[in-house]
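*Asks:* no FASTA, just this:
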């Protein structure tokens, strides 16, 4: 989470400088082009500074707008790659009118919580397509689980494996992952071999690269329509985002 706060502070500083820059520019124009009794540059700078200090709420509001603008640009530049699933990693309607892309880590407790919200959405929305993107960022065991997950996709059992991983208790480990592979009826020998599969590792690397491009700060993260939602935002926010994306398509 350190990168998240560094990024927020950097943005806040940039916004503050931009606001101050506007004030300085205005002050310079007034000082140069107006009568002598008009406020000068130093006075304008003081006014802007005092306003920011007395109304600090404008900084997070401006940062949020800047983040939304950056997110839309990143989504537009990477949408084709984001919405092209690895074969077998889709749930729900494969021809759905709205695509919900889920970046997750099997070792993330918030992803476990979020998986229940996504499962409910799938039950209630027959037009929804969910694309899962394994995004292992927490531990080596996360990467092993992600590799086993993509192996499950190639064996035609991705959703079974995915749901079982989040339904079963316990810390993620190779032993637990392989136990679930066996429990859902996948080929253990093939999965073991696939833990070293270069093409599956390349898919995970692509997911991590997409996450960097989108500025994702953790898991779970969701992409739907023109929105990026971070964290276990809950069923209602996910449903609202899907509804908005559907309305945008209709419009």
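*Replies:* All right, it came through fine. The structure presented is a predicted model; accordingly, all values stated were derived computationally and were not measured. Numbering: from 1, shown residues only.
*Asks:* and the residue nearest in space to the middle of the chain, bridged to which residues?
*Replies:* Note on the chain: the residue nearest the mean C-alpha position is residue 221, at 3.3 Å, using CA atoms, centre = their mean. As for beta bridges, residue 221 partners with residue 103, residue 230 under DSSP bridges.
*Asks:* surely it and residue 108 touch.
*Replies:* No - using CB atoms under 8 Å, residue 221 makes no contact with residue 108, being 10.4 Å away. Bear in mind the C-beta positions are built from the backbone N, C-alpha and C, glycine included.
*Asks:* quick check, residue 202 in a helix?
*Replies:* Yes - Residue 202: assigned to a helix according to DSSP: H, G, I helix; E, B strand; the rest coil.
*Asks:* how much space between it and residue 183?
*Replies:* From residue 202 over to residue 183 the distance is 28 Å, taken as CB to CB, to the nearest Å.
*Asks:* show the average pLDDT along whichever strand or helix holds residue 72.
*Replies:* Secondary structure from DSSP states H and E places residue 72 in helix 58-82. The pLDDT scores in helix 58-82 average 69.
*Asks:* which residues in the stretch 101-250 of the chain form strands?
*Replies:* For the stretch 101-250 of the chain, the strands defined by DSSP state E, counting those that start in this stretch occupy 128-134, 221-224, 227-230.
*Asks:* residue 80: neighbour count?
*Replies:* If you count neighbours by other CB atoms under 10 Å, residue 80 ends up with 7.
*Asks:* now do residue 101
*Replies:* Neighbour tally, residue 101, other CB under 10 Å: 20.
*Asks:* my guess is it contacts residue 222. True?
*Replies:* Yes - the pair residue 101 / residue 222 is scored as a contact, 6.8 Å apart, by CB under 8 Å.
*Asks:* need the overlap of contacts for these two.
*Replies:* In terms of CB atoms under 8 Å, 6 or more residues apart in numbering, residue 101 and residue 222 are not both contacted by any residue.
*Asks:* burial count for residue 104?
*Replies:* Look at residue 104: counted by other CB under 10 Å, it has 29 neighbours.
*Asks:* can you tell me how far it is from residue 82?
*Replies:* Taking CB to CB, one finds residue 104 at 14 Å from residue 82.
*Asks:* residue 152 too?
*Replies:* Here residue 152 is placed at a distance of 21 Å from residue 82 (CB to CB).
*Asks:* more neighbours, those two?
*Replies:* residue 152 (27 against 21).
*Asks:* how near is the more buried one to residue 165?
*Replies:* Applying CB to CB, the value for residue 152 to residue 165 is 9 Å.
*Asks:* now swap in residue 48 and tell me
*Replies:* As for residue 48, its distance to residue 165 is 52 Å (criterion: CB to CB).
*Asks:* which residues does residue 248 contact?
*Replies:* Residues near residue 248 by CB under 8 Å, 6+ apart: 225-226.
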